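Visitor: What follows is a predicted protein model with its sequence.
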Amino acid sequence: MKSFDLQSQTKHVVEVNWADRWQVYKRLEELHIPCSCSPNQPLTVEIANTAAAIQLWSVMRQLNASRQELIITLKECFNYRPRHL
């Protein structure tokens with residue numbers, strides 16, 4: 001298990017629809033991203049590295065993107081072929 005230097009982490013208040021914030025909170029917990037969501041308080045997320053920032057972006061995108069946008073993204077991922085270096 002990795003230990004994190006709390007001094008290097010950045011806390012961000014994430015603006016999420018009040019009805020959706022518990023869903024976001026639970027998903028971030030599943031991803032082991034430190035966060036807090038107290039009653040009547042905004043969601044606060046600790047971003048320790050680039051991977052955590054991308055995961056937060058992905059969770060928020062899944063929540064805010066239209067179904068059609070998500071379908072297009074998924075199809076693009078299936079069709080992606082990396083170039084040989």
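Guide: Happy to help now that I have it. Just so you know, these numbers come straight off a predicted model, no measurement behind them. Residues are numbered from 1 along each chain as shown.
Visitor: Okay, strands next: where are they in this structure?
Guide: Using DSSP state E, the strands of the chain run over 10-14, 35-36, 43-47.
Visitor: Name the stretch among those strands that sits most buried.
Guide: strand 43-47 (a mean of 19; mean count of other Cβ atoms under 10 Å). (Glycine included, C-beta is placed from N, CA and C.)
Visitor: Given that strand, what are its sheet partners and their directions?
Guide: Using DSSP bridges, the strands paired with strand 43-47 in its sheet are strand 10-14 (antiparallel), strand 35-36 (antiparallel).
Visitor: I'd like the average pLDDT over that strand.
Guide: Average pLDDT, strand 43-47: 91.
Visitor: Contacts for that strand next, please.
Guide: Applying Cβ atoms under 8 Å, 6 or more residues apart in numbering, the contact partners of strand 43-47 are 9-14, 16, 21, 24-25, 28, 33-37, 52-53, 56.
Visitor: and if you look at stretch 24-36?
Guide: Stretch 24-36 has contacts (Cβ under 8 Å, 6+ apart) with 9, 14, 16, 37, 43-48, 52, 55-56, 59-60, 63.
Visitor: Can you find the helix or strand of this structure with the lowest average pLDDT?
Guide: Within the chain, confidence by mean pLDDT, DSSP states H and E is lowest for strand 10-14 among all helices and strands, at a mean of 80.
Visitor: CA atoms only: put that one into CSV for me.
Guide: Output of strand 10-14 as CSV, limited to C-alpha atoms (Å, rounded to 0.1, in the frame of the first residue of the first chain):
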residue,chain,number,x,y,z
THR,A,10,-4.5,19.4,-3.5
LYS,A,11,-8.1,19.7,-2.1
HIS,A,12,-10.7,20.8,-4.6
VAL,A,13,-14.3,21.7,-4.0
VAL,A,14,-16.2,20.0,-6.8
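Visitor: just to revisit the earlier point, so can I have CSV of the strands of the chain showing distance to Arg81?
Guide: CSV is the format used below for the strands of the chain (distance: least, Cβ to Cβ, whole Å):
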stretch, distance to Arg81
strand 10-14, 34
strand 35-36, 36
strand 43-47, 31
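Visitor: residues in contact with Pro42?
Guide: Pro42 sits next to 13-16, 21 when contact means Cβ under 8 Å, 6+ apart.
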